[in-house]
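Asks: This is the structure alone, sequence omitted:
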């Protein structure tokens with residue numbers, strides 16, 4: 001039985017010590033084998049044998065919640081003692097002693113284990129060593145007379161001379177890592193997905209030529225350990241506390257590596273759209289029908305073709321997330337959602353499309369294998385431990401892309417009438433659908449369809465430079481902070497005095513995809529000042545989001561509300577501009593940075609701390625603020641539409 005327990009605990013513990021004795025229905029005078037059980041649920045009878053979970057005695061439930069969330073109705077009826085779930089832990093230990101002294105006691109929450117033995121000892125695995133406290137409690141319970149108390153009549157609570165219970169520590173925290181464009185951010189979350197600590201390390205981007213954007217994969221690696229160390233320090237946690245790690249990060253990058261996963265060239269990140277000719281290697285209509293993607297040089301397939309054209313002979317091509325996963329575990333793997341951004345993944349089959357592999361002269365074994373986001377990619381190797389600062393053997397989930405982890409971290413698991421607007425360096429606008437619905441509204445698609453980690457589909461525009469455009473505007477206008485920019489915008493009237501901004505600083509993404517298009521400030525006059533320009537930029541970015549929202553509506557995916565995520569959601573005036581521009585209420589997520597939280601949700605499921613992503617997403621807090629439409633921006637939006645038609649749509 002002890003071996004079964006070791007399997008249940010797995011890699012989530014320090015070296016195991018025996019805790020108490022097995023407690024079952026057998027006579028008390030028969031010898032019993034040592035038993036410890038952790039990390040099981042009411043459905044996991046196979047872990048400890050049929051019937052072992054009858055009459056559970058539970059203590060130490062996270063946050064002292066109502067225990068009903070942890071137990072099915074059958075078990076709940078047999079654990080009537082738990083009605084006092086709001087009582088202190090020590091009192092519930094006594095209730096467990098009374099209710100379950102003749103049955104196996106199994107703690108459901110990974111991180112605490114309780115074992116009742118025939119002698120009446122109670123052992124609880126806790127985050128600190130409570131031996132001394134336990135001995136004090138034993139002496140106290142011996143002396144107390146419980147007759148007539150709420151615990152019931154007095155009982156014999158004799159404690160044997162030898163103490164059959166000792167203590168050990170189980171990992172109950174997870175790490176979510178967000179490999180973004182501007183930084184690598186780590187969060188440490190508990191099993192309820194509450195952020196206990198976070199830290200970010202900046203990442204630099206190089207732009208060697210117009211339309212080119214590169215990052216050094218070794219810089220990603222160098223950022224991981226200090227980001228994790230900072231988050232652990234903020235959480236007052238140690239590497240031994242970590243049950244699992246998951247990574248979410250930027251889409252559409254391409255990293256060429258050798259057989260040892262060493263980079264052969266700087267990563268071509270999502271902003272890089274130099275592979276224009278290579279994007280035409282496959283028929284655009286075929287690409288869209290198979291993958292739901294626009295045949296665009298921002299995607300991975302054209303980029304790997306461009307790299308090969310530069311003489312790069314790679315053993316494998318990675319997305320940024322899958323690159324880090326292989327560096328940490330030695331396993332090359334990618335989830336369906338992230339794979340669906342490669343321009344090589346067939347939505348209908350969930351595999352790489354043979355026709356597209358042939359078109360780009362690539363084989364499937366030169367790409368990461370496909371596996372669910374919450375599955376275990378592997379465990380940290382010695383190199384992985386060095387790169388993260390965590391224990392070798394720590395579990396690493398497959399992970400996913402930031403376009404998917406960001407709404408997931410805000411609580412979106414299933415289709416609804418909510419439109420997501422995630423404003424990071426890029427701005428992603430989309431919604432969840434139950435089926436892989438494709439954008440056939442116009443001659444050219446505006447939105448793409450991707451797999452989503454929960455099994456739904458994310459219909460989105462993967463984004464134009466938005467937060468990046470704000471940084472550009474701040475430098476252009478010599479504004480030192482976001483607060484100063486907001487104050488400047490507040491002095492300009494709605495409509496920006498007739499100035500219109502086309503947000504195509506890294507190519508156009510709405511209403512059509514044009515990698516060679518460039519941004520425009522139109523309608524400037526001598527009467528305009530910095531405030532008018534700043535307001536026009538914020539409005540133009542919001543108008544692009546309206547383009548996408550209207551296309552989703554034309555596809556039958558209309559939204560009633562917009563959920564604002566990302567760093568841009570911190571600006572109250574921009575949130576109001578967006579509500580006015582789209583004519584829809586805008587809710588602001590409780591946390592601006594939900595991508596690493598989404599990654600932590602994946603890690604929690606991979607570690608067994610949450611049953612699935614739907615349950616994990618349900619723990620996300622409610623929005624912190626809402627903005628209702630107040631001023632119509634239909635007239636300025638009309639100007640924007642006419643200008644984009646002239647400069648972008650008809651310019652080809």
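Replies: Nice, thanks for sending it over. A quick note: this is a predicted structure, and the numbers were derived from the prediction, not measured.
Asks: Using the record's assignment, carve this protein into domains.
Replies: Domains of the chain are assigned by automatic domain parsing as 2-143, 173-405, 412-593+622-649.
Asks: and the nearest residue to residue 434 once chain neighbours are set aside, how many neighbours?
Replies: The shortest distance from residue 434 to any non-neighbouring residue, by C-beta to C-beta, 6 or more residues apart in numbering, is to residue 415 (5.0 Å). For the C-beta atoms, the positions are set from N, CA and C on the backbone; glycine is no exception. By other C-beta atoms under 10 Å, the residues close to residue 415 number 18.
Asks: right, and residue 355 touches residue 290 too?
Replies: Yes. Between residue 355 and residue 290 there is a contact at 6.9 Å, judged by C-beta atoms under 8 Å.
Asks: of those two, who's got more company?
Replies: Set residue 355 next to residue 290 and count neighbours by other C-beta under 10 Å: residue 290 wins out with 20 against 13.
Asks: so who does the more buried one touch?
Replies: Residues near residue 290 by C-beta atoms under 8 Å, 6 or more residues apart in numbering: 346-348, 353, 355-356.
Asks: Among those residues, which one lies nearest to residue 420?
Replies: residue 347 (19.6 Å; C-beta to C-beta).
Asks: what's around the closest one, how many residues?
Replies: Residue 347 sits with 20 neighbouring residues when counted by other C-beta under 10 Å.
Asks: need the contact list for the residue nearest to it when sequence neighbours are not counted.
Replies: Sequence neighbours aside, residue 436 is the residue nearest to residue 347 in space, at 4.6 Å (criterion: C-beta to C-beta, 6+ apart). By C-beta under 8 Å, 6+ apart, the contact set of residue 436 is 292, 347-348, 449, 457.
Asks: Just the buried residues of those.
Replies: Among these, those classed as buried by neighbour count (16 or more other C-beta atoms under 10 Å) are 292, 347, 449, 457.
Asks: Going along the chain, name the helices of the stretch 201-350 of the chain.
Replies: Taking DSSP state H, counting those that start in this stretch as the criterion, the stretch 201-350 of the chain carries its helices at 217-235, 284-291, 300-309, 320-329, 336-339.
Asks: Distance to residue 395 for those helices - can I get that in TSV?
Replies: TSV is the format used below for the helices of the stretch 201-350 of the chain (distance: least, C-beta to C-beta, whole Å):
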stretch	distance to residue 395
helix 217-235	15
helix 284-291	31
helix 300-309	27
helix 320-329	9
helix 336-339	19
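Asks: Would you reformat those as TSV and include distance to residue 602 and mean pLDDT?
Replies: Listed next are the helices of the stretch 201-350 of the chain as TSV, based on distance: least, C-beta to C-beta, whole Å; pLDDT from 0 to 100:
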stretch	distance to residue 602	mean pLDDT
helix 217-235	16	97
helix 284-291	23	97
helix 300-309	21	97
helix 320-329	11	98
helix 336-339	11	98
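Asks: tell me which element the residue nearest to residue 582 when sequence neighbours are not counted is part of?
Replies: Spatial nearest neighbour of residue 582, excluding adjacent residues (C-beta to C-beta, 6+ apart): residue 546 at 5.0 Å. Per DSSP states H and E: residue 546 is located in helix 530-554.
Asks: Starting from whichever helix or strand comes after that helix, tell me which strands it pairs with and how they run.
Replies: Next along the chain after helix 530-554, taking DSSP H and E as the criterion, comes strand 561-565. Strand 561-565 has the following strand partners under DSSP bridges: strand 418-423 (parallel), strand 586-588 (parallel).
Asks: same question for the shortest one, mean pLDDT?
Replies: The average of the pLDDT scores along strand 586-588 is 97.
Asks: Give me the buried positions along it.
Replies: For strand 586-588, a neighbour-count test (16+ other C-beta under 10 Å) marks 586-588 as buried.
Asks: Tell me if I'm right that residue 468 and residue 503 touch.
Replies: No. In this structure, residue 468 is not within contact of residue 503 by C-beta under 8 Å, at 10.0 Å.
Asks: returning to what we had before: closest one of the contacts of residue 290 to residue 189?
Replies: The shortest gap between residue 189 and any of these belongs to residue 347, at 31.0 Å (C-beta to C-beta).
Asks: Rebuild the strands paired with strand 561-565 as CSV, extending it with distance to residue 224.
Replies: CSV is the format used below for the strands paired with strand 561-565 (distance: least, C-beta to C-beta, whole Å):
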stretch, distance to residue 224
strand 418-423, 23
strand 586-588, 29
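Asks: For residue 252, find the nearest of those strands.
Replies: Here strand 418-423 is closest among the strands paired with strand 561-565 (C-beta to C-beta), at 14.9 Å.
Asks: between the closest one and helix 530-554, what angle do the directions make?
Replies: Our comparison of strand 418-423 with helix 530-554, counting by axes from the mean of the first three to the mean of the last three C-alpha atoms, to 10 degrees, yields an angle of 150 degrees.
Asks: Can you tell me the closest non-neighbouring residue to residue 417?
Replies: Spatial nearest neighbour of residue 417, excluding adjacent residues (C-beta to C-beta, 6+ apart): residue 560 at 4.4 Å.
Asks: Tell me how many other residues crowd residue 427.
Replies: 27.
Asks: right, and residue 421 touches residue 410 too?
Replies: No. With contact defined as C-beta under 8 Å, residue 421 does not count as touching residue 410 (10.9 Å).
Asks: Please enumerate the shared neighbours of those two.
Replies: By C-beta under 8 Å, 6+ apart, the residues touching both residue 421 and residue 410 are 563, 565.
Asks: tell me the contacts of the residue nearest to residue 582?
Replies: The neighbours of residue 546, taking C-beta under 8 Å, 6+ apart as the test, are 581-582, 637.
Asks: want to throw these into TSV with pLDDT?
Replies: Formatted as TSV, those follow (pLDDT from 0 to 100):
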residue	pLDDT
581	98
582	98
637	98
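Asks: ok, and the most crowded of the residues you listed?
Replies: residue 581 (28 neighbours).
Asks: helix or strand for that residue, which one?
Replies: helix 572-582.
Asks: what's around residue 350, how many residues?
Replies: Residue 350: 12 neighbours (other C-beta under 10 Å).
Asks: isn't it right next to residue 451, touching?
Replies: Yes. Using C-beta under 8 Å, residue 350 is in contact with residue 451, at 7.5 Å.
Asks: shared neighbours of these two, anything?
Replies: Listed as contacting both residue 350 and residue 451 by C-beta under 8 Å, 6+ apart are residue 336.
Asks: Based on its surroundings, how many neighbours for the residue nearest to residue 417?
Replies: Neighbours of residue 560 (other C-beta under 10 Å): 10.
Asks: With the one 3 residues further on instead?
Replies: Residue 563 is flanked by 23 other residues according to other C-beta under 10 Å.
Asks: and it, what does it touch?
Replies: 407, 410, 412, 418-421, 586-587, 589, 623.
Asks: quick one: which of the residues you listed has the most company?
Replies: Most neighbours among the contacts of residue 563, by other C-beta under 10 Å: residue 407, with 29 neighbours.
Asks: sorry, back to before: and the helix holding residue 546, which residues are buried?
Replies: Of the residues in helix 530-554, 530-552 count as buried by neighbour count, 16+ other C-beta under 10 Å.
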